[in-house]
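[1] Structure here, sequence nowhere to be found:
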């Protein structure tokens, strides 16, 4: 495995708000780290990280789950395919800017460190973007708002993930990834539940989740200190040519990182095919209006919270305990694919619930343990963590850009006037996600 060359900021330098979470310290500080250059992080760091990620996902994923679908139906009634185009456009912009912003984060020299300035700026831009979407009166303005949301909340999330790469020792990666994965999955559920009571007010529907994201990220920035990066020295000067070169790397130089990238790409491509049209799928199969579907999605999501907990926290903690990542990632992909197949043929609530529970377990397990696996194989952690996390972002942003554009093709094959072909779309998604689980077995340096 690849280890950083020098230690990150010691937990002793954190803000003296240690009483905030002191009772939980024993859960994470029970044994010395096996990586002597990476001291274990405190429980305060872990829980504030989890809370910040929860806030970002409440702000960022709620529009994907329901708010954007409602707004698209208001601005362009009967043209639900516009949702796919908007999501695809936003993901394309993030895909093109990810490594550049990651490189800038790696090279940032401020008294706040390298990561916190990007978290602060990202949350500010993210909140502005939600206001733009809430007040949009055309599909173009709505798409612009979503692009800004992708840039803003995406950078806040990237800063948090880069902090994990800087700070987490191997022995805590599975646990923290499990808790973060759990937060990432329940965030949309919390957002949709809140959306159910805000459906009559577009401004509140978009902005309330954004305020939650701002508050939780500010708590992380205020209570988790980061070493000043003012003294950093770089041999090469920052230039457009240098930034452009950071978009590429030699896959043969880092084969395990490359296999993990491909596995993640396949899984999230299938996942995006499955989730892009969730609101429309539910409304069609259950015979309810789009305006009524928020409550249904919230109910199903609430049931899935326990399943996500089992997948994310159970998988993450288990991977640290048995020191195995790959078998758990494969099992999660199989479970997720099984859930999609069940939903593909579902026309009533019980089967949809069964499929949702299976997919929740699969998403939780895959997202948590594969994140830990990524941190295990991430190249050049000390100097270029942001860059390689930006490249990793391609594995999710490309599917987010391409899958919504491709999904309508499957929906129209064999479609009738009464229903689009969601069965075919979901079966294709199941096959792709399963392949993603198989690919992870090619990784050699991590068991």
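    Alright, I've got the coordinates. Please read these numbers as outputs of a predicted model, since none were measured by experiment.
[2] Return the list of helices and strands in contact with the helix or strand harbouring residue 175.
    According to DSSP states H and E, residue 175 maps onto helix 170-196. Helices and strands touching helix 170-196, by 3 or more Cβ pairs under 8 Å, 6 or more residues apart in numbering; DSSP states H and E, are helix 43-62, helix 139-167, helix 202-223, helix 293-309, helix 315-322, helix 349-377. In short, each C-beta sits where N, CA and C put it, glycine included.
[3] repeat that for 6 Å
    Contact here means 3 or more Cβ pairs under 6 Å, 6 or more residues apart in numbering; DSSP states H and E; on that basis helix 170-196 packs against helix 43-62, helix 293-309, helix 315-322, helix 349-377.
[4] Turn those helices into JSON lines, columns for mean pLDDT.
    Formatted as JSON lines, those follow (pLDDT from 0 to 100):
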{"stretch": "helix 43-62", "mean pLDDT": "92"}
{"stretch": "helix 293-309", "mean pLDDT": "80"}
{"stretch": "helix 315-322", "mean pLDDT": "89"}
{"stretch": "helix 349-377", "mean pLDDT": "91"}
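[5] Which one of these lies nearest to residue 207?
    helix 43-62 (9.3 Å; Cβ to Cβ).
[6] Pull the distance from the closest one to the chain's centre.
    In terms of Cα atoms, centre = their mean, to the nearest Å, the centre of helix 43-62 is set 11 Å apart from its chain centre.
[7] Could you shift the numbering so residue one becomes 613, and keep it that way?
    Fine by me, first position is 613 from now on; the one you just mentioned is helix 655-674.
[8] And the contacts of it?
    Outside helix 655-674, the residues that touch it by Cβ atoms under 6 Å, 6 or more residues apart in numbering are 632-633, 636-637, 640, 765, 768-769, 772, 788, 791-792, 795-796, 799-800, 802-803, 821-822, 824-825, 828-829, 831-832, 835-836.
[9] Next secondary structure element downstream of that helix?
    Sequence-wise, the next helix or strand downstream of helix 655-674 (DSSP H and E) is helix 680-687.
[10] Would you mark the buried spots in that next one?
    For helix 680-687, burial by neighbour count (16 or more other Cβ atoms under 10 Å) applies to 680, 681, 682, 683, 684, 685, 687.
[11] Ok, stretch 698-708 next?
    For stretch 698-708, by 16+ other Cβ under 10 Å, it's 698, 699, 700, 701, 702, 703, 704, 705, 706, 707.
[12] Need those in TSV (columns: distance to residue 961).
    Listed next are the buried residues of stretch 698-708 as TSV, based on distance: Cβ to Cβ, whole Å:
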residue	distance to residue 961
698	29
699	26
700	30
701	34
702	32
703	31
704	36
705	37
706	35
707	36
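[13] from the residues you listed, which is closest to residue 881?
    residue 703 (11.5 Å).
[14] which SS state does the closest one fall under?
    helix (DSSP: H, G, I helix; E, B strand; the rest coil).
[15] contacting residues for it?
    Per Cβ under 6 Å, 6+ apart, neighbours of residue 703: 1009, 1012, 1013.
[16] still on that earlier bit, so which of the helices and strands packed on helix 782-808 comes closest to residue 859?
    Residue 859 sits nearest to helix 961-989 of all these, at 18.3 Å, using Cβ to Cβ.
[17] I'd like the next helix or strand past that closest one.
    Next along from helix 961-989, by DSSP H and E: helix 993-1024.
[18] and that next one, how far from the chain's centre?
    The chain centroid and the centroid of helix 993-1024 are separated by 11 Å under Cα atoms, centre = their mean.
[19] Can you give me the neighbour number for the closest residue to residue 748 other than its chain neighbours?
    Leaving aside its sequence neighbours, residue 748 sits nearest to residue 754 (Cβ to Cβ, 6 or more residues apart in numbering; 4.0 Å). Around residue 754 there are 25 other residues, counting by other Cβ atoms under 10 Å.
[20] tell me the contacts of residue 754?
    Residue 754 is in contact with 683, 745, 748, counting by Cβ under 6 Å, 6+ apart.
[21] how does it look with 7 Å?
    683, 687, 698, 745, 748 (Cβ atoms under 7 Å, 6 or more residues apart in numbering).
[22] Let me know the closest of those residues to residue 759.
    Once Cβ to Cβ is applied, the member of those that ends up nearest residue 759 is residue 698, at 8.7 Å.
[23] Quick check: which element contains that closest one?
    Using DSSP H and E, residue 698 falls in helix 693-718.
[24] what helices or strands is the next helix or strand after that helix leaning on?
    Using DSSP H and E, the helix or strand that follows helix 693-718 in sequence is helix 728-747. Counting contacts by 3 or more Cβ pairs under 7 Å, 6 or more residues apart in numbering; DSSP states H and E, helix 728-747 is packed against helix 751-779, helix 814-835.
[25] Is residue 954 within a helix or a strand, and which one?
    Counting by DSSP H and E, residue 954 is part of helix 938-956.
[26] which residues are contacting that helix?
    879, 886, 923, 927, 930-931, 963-964, 966-968, 970-971, 973-975, 977-978, 981-982, 985, 1035, 1038-1039, 1041-1042, 1045-1046, 1048-1050, 1052-1053, 1055, 1058-1059.
[27] what's the angle from it to helix 927-934?
    If you take axes from the mean of the first three to the mean of the last three Cα atoms, to 10 degrees, helix 938-956 sits at 160 degrees to helix 927-934.
[28] Which residue, other than its chain neighbours, is closest to residue 936?
    Nearest to residue 936 is residue 1059, by Cβ to Cβ, 6+ apart, at 5.1 Å.
[29] before we move on, back to that, what's the spacing between the residue nearest to residue 748 and residue 943?
    As judged by Cβ to Cβ, to the nearest Å, residue 754 and residue 943 stand 39 Å apart.
[30] How about residue 1027?
    Counting by Cβ to Cβ, the gap from residue 1027 to residue 943 is 34 Å.
[31] swap in residue 923?
    Per Cβ to Cβ, residue 923 is found 10 Å from residue 943.
[32] so what sits against both of those two?
    By Cβ under 7 Å, 6+ apart, the residues touching both residue 923 and residue 943 are residue 977.
[33] out of those two, which sits in the more crowded spot?
    Counted by other Cβ under 10 Å, residue 923 and residue 943 do not tie: residue 923 has more neighbours, with 33 against 18.
[34] pretty sure the more buried one contacts residue 971?
    No: contact criterion Cβ atoms under 7 Å: residue 923 and residue 971 do not qualify, at 9.5 Å.
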